[in-house]
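Asker: Requesting a structural model of the entry that follows:
(chains A and B)
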Number of protein chains: 2
Amino acid sequence: MTALTFALHPQLEADTTPVGDLPLSRVLLMNDANYPWLILVPRLPAMVELIDLEANAQNQLTAEIARASAALKALTACDKLNVAALGNMVPQLHVHVIARRKTDAAWPKPVWGVVAAKPYDDADRARLTGDLRGALQIAVPRD
Amino acid sequence: MTALTFALHPQLEADTTPVGDLPLSRVLLMNDANYPWLILVPRLPAMVELIDLEANAQNQLTAEIARASAALKALTACDKLNVAALGNMVPQLHVHVIARRKTDAAWPKPVWGVVAAKPYDDADRARLTGDLRGALQIAVPRD
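Answerer: Numbers count the residues shown, from 1 in each chain, chains lettered A, B, ... in the order given. Sure, this is the predicted structure:
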């Protein structure tokens, strides 16, 4: 059965806090204080691979990845951005945009599976989410 | 000192076999028979992050990632594509496009640092490189 409407995968919902919506993508903050880590999920049904998107949606997603990258770079003292669409565990198309520091818990390895996620405390998460909305020029989600 | 002309990073040169050039990117085959694994390197000097590219070059790279993805999907029995720009070890901007199978050596983990690279034998590498040139509609590199 192929979904006809967009619904966020429950694993992504469980692991993240919503930041808001860009024109194509839902922007989520990963609940892992080890790294400032955004996930972009195009709000289209039944997308798995980047090449499942039509060319104009691929370009829009590219622009939104750039917007998320610039926001993270402006807000954090990051040394490197990591951008990845993997989806081996969660099939719904989603793109990781992660601010890496040479002092972070996994450097220089990729972040996946290296150290356990470190939940944010509520105040830190609220502040970062607010700062990200400002840097992304994104409205507060309604839900 | 900032480079004024493009030169492939020596680590990327050491780890790969050239497939050919797309309009923006040099296409390389990673010397690891565990996974059909391409690396795209935009032929512009001093690029580190995706957002170092101007918007039209970002769109061109997106189109070339799609072309590499479609070629790998057409040639391999892959279950998933993994696309990533990390660059924590090699700073020159490069994008991994990897065909993953549920039976491969690292599945479902990302490929980096999981199992040692398995070199191709010469015949397999020559055949895959030739097949990739066909699928990518790319000319044989002159060097």
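Asker: do you know how far the residue most central in space within chain A is from chain B?
Answerer: Chain A has residue A:39 as the residue nearest its centroid, 1.2 Å off, counting by CA atoms, centre = their mean. Distance, residue A:39 to chain B, by CB to the nearest CB, to the nearest Å: 14 Å. For glycine as for every other residue, the C-beta is placed from the backbone atoms N, C-alpha and C.
Asker: I'd like to know how many residues surround residue A:73.
Answerer: 17 (other CB atoms under 10 Å in any protein chain shown).
Asker: ok, now which ones touch it?
Answerer: Shown in contact with residue A:73 (CB atoms under 8 Å, 6 or more residues apart in numbering or on different chains): A:81, A:99, B:49, B:51.
Asker: want to throw those into a markdown table with neighbour count?
Answerer: Formatted as a markdown table, the contacts of residue A:73 follow (neighbours: other CB atoms under 10 Å in any protein chain shown):
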| residue | neighbour count |
| --- | --- |
| A:81 | 23 |
| A:99 | 22 |
| B:49 | 19 |
| B:51 | 19 |
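Asker: Which one of these is nearest to residue B:58?
Answerer: residue B:51 (7.8 Å; CB to CB).
Asker: Name the residues of whatever helix or strand residue A:133 lives in that are buried.
Answerer: Using DSSP states H and E, residue A:133 sits within helix A:122-136. Neighbour counts over helix A:122-136 (16 or more other CB atoms under 10 Å in any protein chain shown) mark A:128-129, A:132-133, A:135-136 as buried.
Asker: what's it in contact with?
Answerer: A:17, A:19-20, A:22, A:27, A:29, A:31, A:33, A:36, A:38, A:67-68, A:70-72, A:74-75, A:120, A:138-140.
Asker: Repeat that for stretch A:29-39.
Answerer: A:12, A:15-19, A:27-28, A:68, A:71-72, A:75-76, A:78, A:94-101, A:104-106, A:111, A:115, A:117-121, A:124-125, A:128-129, A:132.
Asker: hmm, 6 Å instead?
Answerer: Residues from elsewhere that reach stretch A:29-39 (CB atoms under 6 Å, 6 or more residues apart in numbering or on different chains): A:15-17, A:19, A:27-28, A:68, A:72, A:76, A:94, A:96-99, A:104-105, A:111, A:117-120, A:129.
Asker: which stretches of chain A aren't confidently modelled?
Answerer: For chain A, the stretches with pLDDT under 70 are A:1-3, A:141-143.
Asker: Neighbours of the residue nearest to residue A:110 when sequence neighbours are not counted, how many?
Answerer: Spatially, and ignoring its direct neighbours in sequence, residue A:110 is nearest to residue B:112 (5.2 Å; CB to CB, 6 or more residues apart in numbering or on different chains). Per other CB under 10 Å, the neighbour tally for residue B:112 reads 17.
Asker: Residue B:112 sits in which helix or strand?
Answerer: Counting by DSSP H and E, residue B:112 is part of no helix or strand.
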